[in-house]
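Undergrad: Predicted model follows, preceded by the sequence.
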Amino acid sequence: MEKIVLEAKKRKEVGKLVKKLRRDGFIPAIVYGPHQEPLPISLEKRSSTLILNKVSGSTVLTLNVDGKEYSTIVRDVQRDHLRNEFLHLDFLAVSLTEKLRTAVSITLVGDAPVLKEYECLIVAGITEVEVEALPQDLPETIEVDLSGLIEIGDAIYLKDISAPANVEILTDPEELIAIASAVKEEVVEEEVEAELEVEGAAEPEVIEHGKGEEEEEE
């Protein structure tokens, strides 16, 4: 497991003083855990943001707080989405010898053959699962291959995938991850009725959805 280190320092700024801390280029944060008293800290905004944008909620981060290291994961984030800035972070201190329950995201990968044969959509179900594992065994994400979706109606459920090594999946195995769903034809009734009222109008054309055919050469 690659060791990812965030430099931090203890902070005394609380309340209104936190705003000044942010203006000075720091992110206020706190470290807590079952064996850790709440510890207010601050991180340098620019360097920390570069790292935090590349990790997931299951990534083990080492916080170096004034020379003392803490193994942590990000538990909660407050963010200014307009400015793309972190406002506050909660870090959960973890033991590398104790199993941890947390959520891990699902990533859909690969090409679904059904998309080449039919006009359809791949509809996603759950986007994350709850797992239990030692912190160092937590995956960044769980990849699910879509290459098994061949016909409309084919689906992938949680029970169809294998858990990563040393990881127990706690979410209901019957949860849907992805399904190939047909595109429903939408007909605007008002337009159809208007056409039928016109004398001598032809019957409305039904546009077929599905695999397109090449037009004949003139």
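TA: Cool, got the structure.

Undergrad: Show me what the most centrally placed residue in the chain is bridged to.
TA: Note on the chain: the residue nearest the mean C-alpha position is Ser105, at 4.8 Å, using C-alpha atoms, centre = their mean. Beta bridges link Ser105 to Glu128, Thr141 when assigned by DSSP bridges.

Undergrad: got a list of what it touches?
TA: By C-beta atoms under 8 Å, 6 or more residues apart in numbering, the residues touching Ser105 are Ser56, Gly57, Thr127, Glu128, Thr141, Ile142. Where you see a C-beta, it was placed from the backbone N, CA and C, and this is true even at glycine.

Undergrad: go on, Leu158?
TA: Residues counted as contacts of Leu158 (C-beta under 8 Å, 6+ apart) are Ile126, Val129, Ile169, Thr171, Asp172, Pro173, Glu174, Glu175, Leu176, Ile177.

Undergrad: how does the chain divide into domains?
TA: The chain breaks down into these domains under automatic domain parsing: 4-94, 101-182.

Undergrad: Can you tell me which of the contacts of Ser105 comes closest to Pro40?
TA: Set against Pro40, the nearest of the contacts of Ser105 by C-beta to C-beta is Gly57 (21.2 Å).

Undergrad: In contact with that closest one, which residues?
TA: Shown in contact with Gly57 (C-beta under 8 Å, 6+ apart): Ile73, Val74, Arg75, Thr102, Ala103, Val104, Ser105.

Undergrad: Would you convert the contacts of Ser105 into JSON lines that also reports pLDDT?
TA: Converted to JSON lines, the contacts of Ser105 look like this (pLDDT from 0 to 100):
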{"residue": "Ser56", "pLDDT": "91"}
{"residue": "Gly57", "pLDDT": "90"}
{"residue": "Thr127", "pLDDT": "96"}
{"residue": "Glu128", "pLDDT": "97"}
{"residue": "Thr141", "pLDDT": "95"}
{"residue": "Ile142", "pLDDT": "97"}
